[in-house]
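Asks: okay, here's the prediction I keep looking at, along with the sequence it came from:
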Amino acid sequence: MWLKKAFDQAVDGSRVPKAAFTDENAIASFGVGKNMVASIRHWAMACDVIRDSGDDPQSFEISPIGSEILRDGGLDPYAENPSTAWHAHWWLAGRGNRATTWRWLFNQVTAPTFTRQELEAPLEDFARKLDPKRRLSASTLSRDLETCLRSYAPRFAGGSPEDFAEPLLGELGLLQEVHKGQYAFRRGPKATLHDGLFAYALLDYWDITAEGLSSMAFEAIAYGEGSPGRVFKLDEDSVAERLMGLADLTEGFLAWTDTAGLRQVHKKTGASNEMRLQMIRRAYD
């Protein structure tokens, strides 16, 4: 419920004062400790519920899709629908929005199985290349990896009650702990991933990587860095099956073709942002 807690600080449904996370009443207002208030702010920004405001340095602004999902009477105000978790995962691992570890894990790690310890050195190398001047703590990297892994594969034995709580991303079935401390991705069809959310992610990926182009190759959609196929850990057949249904889903805005072995998706010119919003709404049908 952290995303909803952040959203509910909105004034007039559009802006959240930054002071809501820092003033002396924040702990009572959120009903959690000081460190958790800071965490709520971080995850609300990472999952694109709130954004930095371009015209008001004292406030965050509510994202259009954040409002569509979490407002009272919205698509899923209590984060009960799997599409909300898939949307959060897309922003963390597909966009890498304030979540370098998530983006790196789901796009760069190809080993069939891995431990947290095996990931620490390559993640550090990746982070240093992004920002050579930044000082990185090994313990911080280790904790960030642990947080990321436990977001998808929670600990089920021992510890505090929080260790038994199913995290928002745990229901997605993307990662499993095959042995104690050893993890593996679950590749294949994803029953809870709605075609509307897949189409939303494809349009988002398209605008980021190929804005202005009217077609995109199947290989880019299935295997490209930051692509829906890679981020959602879909197998090739699952990607192809979803692409074949795009024309009906989007009323022809996107369309799949397979001619002489050339597999690609075509996109009409027009308001991609509006189509993304339509696809989000379809994901909650």
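Replies: Great, that's in hand.
Asks: where in the protein is pLDDT low?
Replies: Scanning the chain for pLDDT under 70 picks out the ranges 155-166.
Asks: if we go to 80?
Replies: 13, 154-166 (pLDDT under 80).
Asks: domain ranges for the chain?
Replies: Using automatic domain parsing, the domain parsing of the chain gives 2-80, 87-185, 195-282.
Asks: straight-line length of the shortest one, end to end?
Replies: What it means is domain 2-80. From its first residue to its last, domain 2-80 covers 13 Å (C-alpha to C-alpha, to the nearest Å).
Asks: what do you get for the longest one?
Replies: From the first residue to the last, domain 87-185 extends over 18 Å; the measure is C-alpha to C-alpha.
Asks: equivalent analysis for stretch 217-236, please.
Replies: Stretch 217-236: ends 13 Å apart by C-alpha to C-alpha.
Asks: so what's the gap between that stretch and the chain middle?
Replies: 15 Å (C-alpha atoms, centre = their mean, to the nearest Å).
Asks: want to try JSON lines for the domains of the chain, with mean neighbour count as columns?
Replies: All C-beta atoms are positioned from the backbone trio N, CA, C, and that covers glycine. Shown next, in JSON lines, are the domains of the chain (neighbours: other C-beta atoms under 10 Å):
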{"stretch": "domain 2-80", "mean neighbour count": "17"}
{"stretch": "domain 87-185", "mean neighbour count": "15"}
{"stretch": "domain 195-282", "mean neighbour count": "17"}
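Asks: what's the distance between Ser227 and Arg276?
Replies: 16 Å (C-beta to C-beta, to the nearest Å).
Asks: what segments of the stretch 151-285 of the chain are strands?
Replies: 175-179, 182-185, 215-217, 254-259, 262-267 (DSSP state E, counting those that start in this stretch).
Asks: do the same with the stretch 1-150 of the chain
Replies: So, for the stretch 1-150 of the chain - with DSSP E, counting those that start in this stretch - the strands run 15-17, 50-52, 59-62, 114-115.
Asks: partner strands of the third one, parallel or antiparallel?
Replies: This points to strand 59-62. Here strand 59-62 has these sheet partners by DSSP bridges: strand 15-17 (antiparallel), strand 50-52 (antiparallel).
Asks: just how off-centre is the last one within its chain?
Replies: By that I understand strand 50-52. 15 Å.
Asks: the first one now?
Replies: For strand 15-17, the separation from the chain centroid amounts to 22 Å (computed by C-alpha atoms, centre = their mean).
Asks: re earlier: including distance to Ser137, could the strands paired with strand 59-62 go into CSV?
Replies: Output for the strands paired with strand 59-62, formatted as CSV (distance: least, C-beta to C-beta, whole Å):
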stretch, distance to Ser137
strand 15-17, 30
strand 50-52, 25
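Asks: do you know which of those lies nearest Glu251?
Replies: strand 50-52 (29.2 Å; C-beta to C-beta).
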